[in-house]
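# 3D model of this:
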Amino acid sequence: MVQFDAQEIAVIIDGERVALVDSIGYDQSKDHELERSLDPDGTVRIIGTGEYSGSIAIKAVSESIPTLEDLFQNNTEFTLSVSYTESEPRDKSDFIRVALNEWGPADDYEESSMPMYEGSWDATRVEHVN
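Reported below is the predicted structural model:
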């Protein structure tokens, strides 16, 4: 699983930026089916179908915790978008039909660090934009 530092990305859930993300990661294994397409404006899209999994950690003082808690408790599917910095080969990844499998306070933080909320998720489709 590839992990991204939150200082270098933006995480958007259903159009709302998640506040105080610490890290996000997802499975980039080669066994997923990928299809490439070229938009009329020259944008390259890589569309993957299959089972994608990932994780997210946010600081315990994030105002986004109630939103994620609602999505988890109600088993609501959502779209999760990750926008990258210029140093990454992709501009953005949109994970579609995402569901949180686990969500709650992390119990493995060090005393000197900020407490976190962590979760794991699955998605059925991803669209990477280059």
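# low pLDDT regions in the chain?
Within the chain, the segments meeting pLDDT under 70 span 1, 5, 29-32, 108-112.
# tell me, how many neighbours does Leu68 end up with?
Neighbour count for Leu68, taken as other Cβ atoms under 10 Å: 21. In short, each C-beta sits where N, CA and C put it, glycine included.
# now do the same contact list for it.
Counting by Cβ atoms under 8 Å, 6 or more residues apart in numbering, Leu68 makes contact with Ile13, Val18, Ile58, Leu100, Trp103, Tyr117, Gly119.
# next, give me the two most distant ones among the residues you listed.
Maximum pairwise distance among the contacts of Leu68 (Cβ to Cβ): 13.5 Å, between Ile13 and Tyr117.
# who has more neighbours out of these two?
A direct count of neighbours by other Cβ under 10 Å for Ile13 and Tyr117 places Tyr117 higher, at 21 against 18.
# what kind of secondary structure is the residue lying farthest from the centre of the chain in?
In the chain, counting by Cα atoms, centre = their mean, Pro40 sits farthest out from the average C-alpha position, at 27.2 Å. When classified by DSSP: H, G, I helix; E, B strand; the rest coil, Pro40 comes out as coil.
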